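[1] A predicted structure for the sequence below; I have some questions about it.
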Amino acid sequence: MTAEPVVRAHGVGKRYGPTVALHDVSLTVRPGESHALVGRNGAGKSTLVSILTGLSKPDTGAVEFGGRPAPALGDREGWRSRVACVYQHSTVIPHLTVAENLFLNRQPTGRFGISWSRLRRQAAELLESWRVAVDPDVPAGELSVEDRQLVEIARALSYGARFIVLDEPTAQLDSQAIERLFVRMRELQASGVTFLFISHHLQEVHEVCQAVTVLRDARHVVTAGVDELSRAQLIDAMTGEEGGLAVADAADRAPLPAGADAALTVEDLSGDDFAGVSFTLRRGEVLGLAGSNASGKHQVAETVYGLRAPSGGRVLLDGAALPAGDVGAALRAGIGCVPRDRHHQGLVLGLSIADNATMTVLDRLGPAGLAPPKAREARAATAIADYGVVAAGPEQEVSALSGGNQQKVVLARALAGDPRVLVLINPTAGVDVKSKEALLAVVDRVRAEGKAVLIVSDELDDLRPADRVLVLRSGRLVAEHQAGWSDGDLVADIEGVELDD
Ligand SMILES: Nc1ncnc2c1ncn2[C@@H]1O[C@H](COP(=O)(O)OP(=O)(O)OP(=O)(O)O)[C@@H](O)[C@H]1O
């Protein structure tokens, strides 16, 4: 078959000031395939996507769709009918209904203005034709991440696009939702839709894609069939080095001494989504908290660091009760946190790396909050080096960092105040495989210094440094696994299924 590629980018280059984000990159995506785009944080994936979707103009090179030159940058209609990107962050308007979102600015009109009944009917038909089981009348803000993504895909298809970019679509989904997404992708592929799939989870690349392109340091490294590259070879292509991954597993170190002091005590804690949760975290201990998205695990952690007020129970730090629902008090008392959503709770995007990395400790760098710029910069430079942040320098705005590099700044900030207890929620979200290793090594280092760490994560790799993993289901603690757990046993408890053997 000699069908024209769905999309072909050739010789694409893009600079942001001194930063070369893409250099002479080419990409060819064949009709009906799912094509993975992988690379380390800052490799240039998002930049390439912004060029492929007409959000930015390449400095050099060009993009073609189906053998024809891409539309002019201002021709939004033209772009929308060729390609769409479903981002990790929602592009729906939350207070409008699903139907209104689907037909925004192209609502059917009748004699008296917008015809709401036709709008609803068209939306229902569109959703049904793509088998998206979502009520067109609900406000889009109430949709689950999974449904929101499907609505965004349906919207793209309704503009005529048959090429869809999925930017880390699995990052916020639990394992069952990921499986359902993959089933939908395969069905849509069978009806002629082509995907460009971005993920840091290489097993997903092997599971759902047929071809893969690797970017490294702004350059194209390789494009191949997924069957031609093993996971190890993919990692080598991404890093330019040989050798696999090394995450410190708590099972490989001496157990915590029996008499280690309690650092954090959670007593009979209850909230909207959980009840009767008790555990003790000791100095030098890493405790994992696992569960599906609906388990209440995020809410428990957010109650510990004061983002939510509990309806019952209390949290004690070194024996002293923390005021309920007061983040500032928790931080001052010695809790450091990596919140669930780095964009809303984690970072001030308009400020520099130096500002973000030091904002929690300004009082310690100089009198009355007047931190000398040199002290700030020195702190930030250390953070950049320690966490392997790919950045032009400490004064670079955080908004100009790639997603994974932003996450590293969040961790640096959490640790800047030298906390006694660290609460980490999905700490490696969006972080590339190799940087994950560096981030988890930091966790291991602070543990060895005697800090206590609570890690809440959907990823088993993040839980490996934990001495113990507690499993939460429907808001209740249901199981505890000591280091050395098998993936199967832990997942069975998370999902609430019995193993056969
Ligand atoms: N608006 C911008 N201003 C300045 N530099 C930018 C901007 N956007 C991206 N960059 C830089 O371009 C490079 C490529 O970033 P890009 O976001 O494309 O990486 P990525 O592969 O998507 O990474 P991640 O996996 O972390 O999302 C990075 O060095 C980044 O700092």
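    Arrived safely.
[2] How many residues are close by residue 95?
    Other residues near residue 95 number 10, with proximity taken as other Cβ atoms under 10 Å. Glycine gets a C-beta too; all of them are placed from N, C-alpha and C.
[3] what sits opposite the closest residue in space to it that isn't next to it in sequence in the beta ladder?
    Among residues not flanking residue 95 along the chain, residue 139 sits closest, at 5.8 Å (Cβ to Cβ, 6 or more residues apart in numbering). Residues in a beta bridge with residue 139, per DSSP bridges, are residue 97.
[4] What distance do you get for residue 139 to the ligand?
    For residue 139, the distance to the ligand equals 29 Å [Cβ to the nearest ligand atom, to the nearest Å].
[5] Ok, residue 213 next?
    From residue 213 to the ligand the distance is 12 Å (Cβ to the nearest ligand atom).
[6] and that residue, what are its phi and psi?
    Dihedral angles of residue 213 (phi, psi; degrees, to the nearest 10) stand at phi -120, psi 130.
[7] Who are the contact partners of it?
    Listed by Cβ atoms under 8 Å, 6 or more residues apart in numbering, the contact set of residue 213 reads 27, 35, 36, 37, 38, 220, 222, 223.
[8] and the third one, what pLDDT?
    The model reports residue 36 with a pLDDT of 97.
[9] Now it: which helix or strand?
    In this assignment (DSSP states H and E), residue 36 forms part of strand 34-39.
[10] For that strand, enumerate its sheet partners and note whether each is parallel or antiparallel.
    Strand 34-39 pairs in its sheet with strand 194-198 (parallel), strand 211-216 (parallel), by DSSP bridges.
[11] So what's the model's average confidence on the shortest one?
    Model confidence over strand 194-198 averages 97 on the pLDDT scale.
[12] Get me the contact residues on the stretch 351-500 of the chain for the ligand.
    Taking Cβ under 6 Å from any ligand atom as the criterion, the stretch 351-500 of the chain approaches the ligand at residues 390, 400, 401, 402, 403, 404, 405, 432.
[13] Now the two most distant members of those.
    Farthest pair in these (Cβ to Cβ) is 400 and 432. Separation: 17.9 Å.
[14] So for these two, which residue has more residues nearby?
    When neighbours are counted by other Cβ under 10 Å, residue 400 and residue 432 differ, and residue 432 comes out ahead with 26 against 17.
[15] neighbouring contacts of the helix or strand following the strand holding residue 36?
    Next in sequence after strand 34-39, counting helices and strands by DSSP H and E, comes helix 45-52. Contact partners of helix 45-52, identified using Cβ under 8 Å, 6+ apart, comprise 7, 9, 12, 14, 21-22, 25, 27, 37-39, 56-58, 63, 83, 85, 165, 167, 196, 198, 215, 402-403.
[16] Can you say which of those residues are buried?
    7, 9, 12, 14, 21-22, 25, 27, 37-39, 56, 58, 63, 83, 85, 165, 167, 196, 198, 215, 402-403 (16 or more other Cβ atoms under 10 Å).
[17] Could you tell me which of these belong to strands?
    7, 9, 12, 14, 21-22, 25, 27, 37-39, 63, 85, 165, 167, 196, 198, 215 (DSSP state E).
[18] worst-scoring helix or strand of this structure, pLDDT-wise?
    In the chain, no helix or strand scores lower on mean pLDDT, DSSP states H and E than helix 362-365, which sits at a mean of 56.
[19] Can you tell me, leaving aside adjacent residues, what's nearest to residue 472?
    The nearest residue in space to residue 472 (Cβ to Cβ, 6+ apart) is residue 291, at 3.8 Å.
[20] before we move on, what about residue 295?
    Nearest residue to residue 295, sequence neighbours excluded (Cβ to Cβ, 6+ apart): residue 472, at 4.3 Å.
[21] I'd like to know which elements the helix or strand hosting the one you found is packed against.
    In the assignment (DSSP H and E), residue 472 maps to strand 468-473. Counting by 3 or more Cβ pairs under 8 Å, 6 or more residues apart in numbering; DSSP states H and E, the packing neighbours recorded for strand 468-473 are strand 274-282, strand 286-290, strand 476-482, helix 487-495.
[22] quick check: angle from it to strand 286-290?
    Interaxial angle, strand 468-473 versus strand 286-290 (axes from the mean of the first three to the mean of the last three Cα atoms, to 10 degrees): 20 degrees.
[23] Pull the residues that contact strand 468-473.
    Applying Cβ under 8 Å, 6+ apart, the set of residues contacting strand 468-473 is 274, 277, 279, 285, 287-292, 295-297, 300, 463, 477-483, 485, 490, 493-494, 496.
[24] Mind listing the strands that strand pairs with, and their directions?
    strand 286-290 (parallel), strand 476-482 (antiparallel).
[25] Columns distance to residue 206 on top of the ones you listed, output as TSV?
    Formatted as TSV, the strands paired with strand 468-473 follow (distance: least, Cβ to Cβ, whole Å):
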stretch	distance to residue 206
strand 286-290	24
strand 476-482	27
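[26] Could you say which of these is packed most deeply?
    strand 286-290 (a mean of 27; mean count of other Cβ atoms under 10 Å).
[27] Now the element after it, going C-ward?
    Once strand 286-290 ends, the next helix or strand along the chain (criterion: DSSP H and E) is helix 297-304.
[28] List the contacts of that next one.
    With Cβ under 8 Å, 6+ apart as the test, helix 297-304 has contacts from 264, 266, 269, 271-274, 277, 289-291, 308-310, 315, 325, 330, 335, 339-340, 423, 425, 454, 456, 472.
[29] so where's the stretch 1-150 of the chain uncertain?
    For the stretch 1-150 of the chain, applying pLDDT under 70 flags the ranges 1-2, 108-115.
[30] likewise the stretch 251-400 of the chain?
    Using pLDDT under 70, the stretch 251-400 of the chain drops low at 343-346, 360-372.
[31] where do the helices sit along it?
    297-304, 327-333, 353-358, 362-365, 373-387 (DSSP state H, counting those that start in this stretch).
[32] In a markdown table, list the ones you listed along with mean neighbour count.
    What follows is the helices of the stretch 251-400 of the chain, written out as a markdown table (neighbours: other Cβ atoms under 10 Å):
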| stretch | mean neighbour count |
| --- | --- |
| helix 297-304 | 25 |
| helix 327-333 | 16 |
| helix 353-358 | 26 |
| helix 362-365 | 15 |
| helix 373-387 | 18 |
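[33] got TSV for those, with distance to residue 237 too?
    Compiled in TSV, the helices of the stretch 251-400 of the chain are given as follows (distance: least, Cβ to Cβ, whole Å):
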stretch	distance to residue 237
helix 297-304	34
helix 327-333	41
helix 353-358	28
helix 362-365	41
helix 373-387	23
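[34] I'd like to know which of those helices lies nearest to residue 254.
    With Cβ to Cβ, the closest approach to residue 254 among the helices of the stretch 251-400 of the chain belongs to helix 373-387: 25.4 Å.
[35] could you say what helices and strands that closest one packs with?
    Applying 3+ Cβ pairs under 8 Å, 6+ apart, one finds that helix 373-387 contacts helix 353-358, helix 362-365, helix 403-416, helix 433-448.
[36] For it, list the C-alpha coordinates in CSV.
    Written as CSV, here are the backbone C-alpha positions of helix 373-387 (Å, rounded to 0.1, in the frame of the first residue of the first chain):
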residue,chain,number,x,y,z
PRO,A,373,19.2,37.0,44.9
LYS,A,374,22.5,35.2,45.2
ALA,A,375,21.2,32.9,47.9
ARG,A,376,18.1,32.2,45.9
GLU,A,377,20.0,31.5,42.8
ALA,A,378,22.4,29.2,44.6
ARG,A,379,19.6,27.2,46.0
ALA,A,380,17.9,26.9,42.7
ALA,A,381,21.1,26.0,40.9
THR,A,382,21.6,23.1,43.5
ALA,A,383,18.0,22.0,42.9
ILE,A,384,18.6,22.0,39.1
ALA,A,385,21.7,19.9,39.5
ASP,A,386,20.3,17.6,42.2
TYR,A,387,17.1,16.8,40.3
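[37] Alright, calling it a day.
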